[in-house]
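Asker: A structural model of the following input is requested.
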Amino acid sequence: MKREKKGTIETILTDTVRLGSLFILAVTVIIMIIAAIDNDTAGEASIGSFEAGNFSDDWTLMFHGERQTVDLPMNLDCEKGDELILSKDLPDDLCDGMSIMMRASMEDVSIYIGGKLREVYSSNSIEGLSYYPPSAYIVTQVGSQDAGKDIALHITVKNKGTLNPISLNHGNNGWFEVLRNSLLMIAIATFVLLCGITISLSAFISGKGYKTEAAGYLGLLIFDAALWLVSESVIRQLVFNRASMSQYFSYFSFELIAPFACMYFDAVQHKIYHRRYLVMESICLTALIVNVILDAGDILKMFQTAPVCHVLAGISIIMVIINIITDYRRDRLKNYRISCIGTLIFLLLALVELSRFYFPVSVVFGTYLSLGLIGLMVATLLQTLYDILKEYREREKKKTAMTISTIETIAGAIDARDEYTGGHSERVGLYSQRLAREMAADYELTEEDIIRIHYIGLVHDIGKIGVADNVLNKSGKLNDEEFTLMRRHTEIGYEIMTNLGSEIKGLLDGIRHHHERFDGDGYPDKLSGTDIPLVARILALADSYDAMTSNRVYRKRLSDEEVRAELVRCSGTQFDPALTEIFIRLLDKGELSADIKDGIATDSEGRMRTSSVLEDMLSRDLMNEVKVSNPSHVRMLCYILKLMEKKEKNYKVLLISDNDGDEPMSAKTKAAIKELFDDPHDVIIRYTSRAYIAALYDRSVDCIYQVTRGINEKCPSVDIRVL
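Answerer: Below is the predicted model:
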């Protein structure tokens, strides 16, 4: 039977509600976009007119003693200090509450109406203003009393001869036009500024660490860049009462972008290139300080030394790219692959932004840098989420690994304690894994599920820790009372592993229910059919198969034909018939066979395990009522051997017996034997009155030969057999 799928009404309703909500949200967004861009406003409530009137045509330009009629905007071939005059008559229908608006591009501008000075913006009009006044919009209020009068704009060129458009507006409608044209840039700058503040504060609150350090520098980079965007935007006069001070803070903020970017990239790249970045940061900061000194000394103004900053920014970009290429070649890029994508986008757009200082385009200043910052921020967020998820998975993996290590240790202890089932837990885990892999496609089992089932198989009998030795290792079949006690191992194991149950899915189900029967006659809860958890149904088959193919005190292992017949007979009663069919198919194809030879556990290469050979010998001797001196000592040695076998450490075990008559081994022979075992790792214990068992640690074949030869030379009557 395939895994039951959740095709319930609740699931269908949940999916329907969620998809419906997303669909309606998408429709809402589409309607809003249409409402924003559709110009068919017939029947809509009127909001009045915000249009700015064009006043840029038919101006008279006086330049170098020549008079000509021009339309604005235009660029003149001027030199610093050139003076020019634009003049024109105001309309006769001029009314009160109107204004004339123009943008000065670092020029001194004086506006005369009817021969009288009405407005002035120049390096002399503001205290502390440099020779090069920042670009600004100049608004001159006019009214009906100015109708028909002449207006003259006296302009002193400071940098370039740029004459911008002029508008005649009702009130301050000219600003509305500026705001509407810059709406997207305003939204982006505001968003970037808020993100910078949020990220910086979050990093500060979170404390120290690689991730918080990178986030902190990213926050500072974004915040600084947002300040530059605002200070360079066309609305700075609406934001700052002293907008002329942008001649300082605009350049400061721009020249700090490169150092903060280097700090961020240094943190992202785990400070591998710290010295390079530190040198670049130092140069950029020094350049900024020198530029301030030059500006204060009236030697060179900030905007004139800006190209130095642009060059340093370009060098920083190239350096970051070189570092990324180096990381790629050294396979370090995987540590910040997502951030790298955002970094490359940011660097590319930053280069485009730098080029705009020398190759002007119609796009608003800061657009490309803003988009780059948003890309960098999104990539960093995704990288952070990925790293958090990766760390969580690694923690869970380590946690699971610790659980598995505990499970393997416990499984070894269980098998070592139970003399009749040496390696049983390991084999059940292996058989369960093979069965799970065969049925994976039909039951939608992942590779993780298959590995999980293997580990559950290792620990399924952990409850045997709570079963008394005289019951667990009884030589013969259990009576009713003893069988009742033995059956309790499933519940004991369940209680022991309750705290670890959340670490490995299905662990508790496998431990508690692997002795349930498909017909409901199993224990402890008498579950039946598919009410028995799938992992428990798998373990039931693997557990029984190992029991049938292993020697017991009261019987030898079953033959392969007998095992197959038993599986067929118990299909549908003891075992899940669908799983049994798959299990038998594996047996018939030869893809699953018992890791047992003559009923004795074998290793991965098919060799009998020494520990299992010793266990088998002990169980047969006890069954035949051989007087074993101390069975518990032999079992302890078996446990030691199993631990060493699991660690792939080599122990050779010798059975040394005296064939000279029926009397106990003489003291002389005992002493002679013990003299040959002087390595502290060697173990020698008495087996019977006439035999010893010796375990030799990490001895070569030649060394074993020398030991046996030495024993035979001193004690000719002694027989030595390697187990």
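
Asker: now the strands for the stretch 551-700 of the chain?
Answerer: Here the stretch 551-700 of the chain has its strands, by DSSP state E, counting those that start in this stretch, at 596-597, 600-601, 651-658, 683-688, 691-697.

Asker: and Ile315, which of these is closest to it?
Answerer: strand 691-697 (64.7 Å; CB to CB). All C-beta atoms are positioned from the backbone trio N, CA, C, and that covers glycine.

Asker: so that closest one versus strand 683-688, what angle?
Answerer: Counting by axes from the mean of the first three to the mean of the last three CA atoms, to 10 degrees, strand 691-697 lies at 160 degrees to strand 683-688.

Asker: what's the angle between strand 691-697 and strand 651-658?
Answerer: Per the same axes, to 10 degrees, the angle that strand 691-697 makes with strand 651-658 is 160 degrees.

Asker: now stretch 58-73: buried residues?
Answerer: 59, 61, 63, 70, 72 (16 or more other CB atoms under 10 Å).

Asker: what do you get for stretch 713-723?
Answerer: For stretch 713-723, by 16+ other CB under 10 Å, it's 715, 718, 720, 723.

Asker: that older thread, farthest-separated two in the buried residues of stretch 58-73?
Answerer: Pairwise distances across the buried residues of stretch 58-73 peak at 13.6 Å for Phe63 and Leu72 (criterion: CB to CB).

Asker: so which strand or helix has Met102?
Answerer: strand 98-104 (DSSP states H and E).

Asker: show me what that strand is packed against.
Answerer: strand 136-142, strand 150-156, strand 166-170, helix 173-181 (3 or more CB pairs under 8 Å, 6 or more residues apart in numbering; DSSP states H and E).

Asker: mind running it again at 7 Å?
Answerer: When contacts are defined as 3 or more CB pairs under 7 Å, 6 or more residues apart in numbering; DSSP states H and E, strand 98-104 sits against strand 136-142, strand 166-170.

Asker: any idea which of those strands gets closest to Leu183?
Answerer: Leu183 sits nearest to strand 136-142 of all the helices and strands packed on strand 98-104, at 16.6 Å, using CB to CB.

Asker: what's the offset of the closest one from the middle of its chain?
Answerer: Chain-centre distance of strand 136-142: 55 Å, with CA atoms, centre = their mean, to the nearest Å.

Asker: partner strands of the strand holding Met102, with direction?
Answerer: Applying DSSP bridges, strand 98-104 is found paired with strand 136-142 (antiparallel), strand 166-170 (antiparallel).

Asker: surely Leu614 is in contact with Leu723?
Answerer: Yes - using CB atoms under 7 Å, Leu614 makes contact with Leu723 at a distance of 5.8 Å.

Asker: show me the common contact partners of the two, please.
Answerer: Common contacts of Leu614 and Leu723 (CB atoms under 7 Å, 6 or more residues apart in numbering): Val653.

Asker: which among the helices and strands packed on strand 98-104 is found nearest to Arg690?
Answerer: Closest approach to Arg690 among those is made by strand 136-142 (112.8 Å; CB to CB).

Asker: give the buried residues for the closest one.
Answerer: 136-140, 142.

Asker: before we move on, what about stretch 173-190?
Answerer: For stretch 173-190, by 16+ other CB under 10 Å, it's 173-175, 177-178, 182, 185-186, 188-189.

Asker: save those as TSV, and put in pLDDT and distance to Phe55 too.
Answerer: Formatted as TSV, these follow (pLDDT from 0 to 100; distance: CB to CB, whole Å):
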residue	pLDDT	distance to Phe55
Asn173	82	12
Gly174	83	10
Trp175	85	15
Glu177	80	13
Val178	82	15
Ser182	78	20
Met185	79	25
Ile186	81	25
Ile188	83	30
Ala189	82	29
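
Asker: Cys570: which of these is nearest?
Answerer: When these are ranked by distance to Cys570 (CB to CB), Ile188 comes first, at 71.7 Å.

Asker: wait, what's in contact with the closest one?
Answerer: Ser370.

Asker: distance of it relative to His310?
Answerer: Counting by CB to CB, to the nearest Å, the separation of Ile188 from His310 is 22 Å.

Asker: do Thr11 as well
Answerer: Thr11 is 59 Å from His310, where distance means CB to CB.
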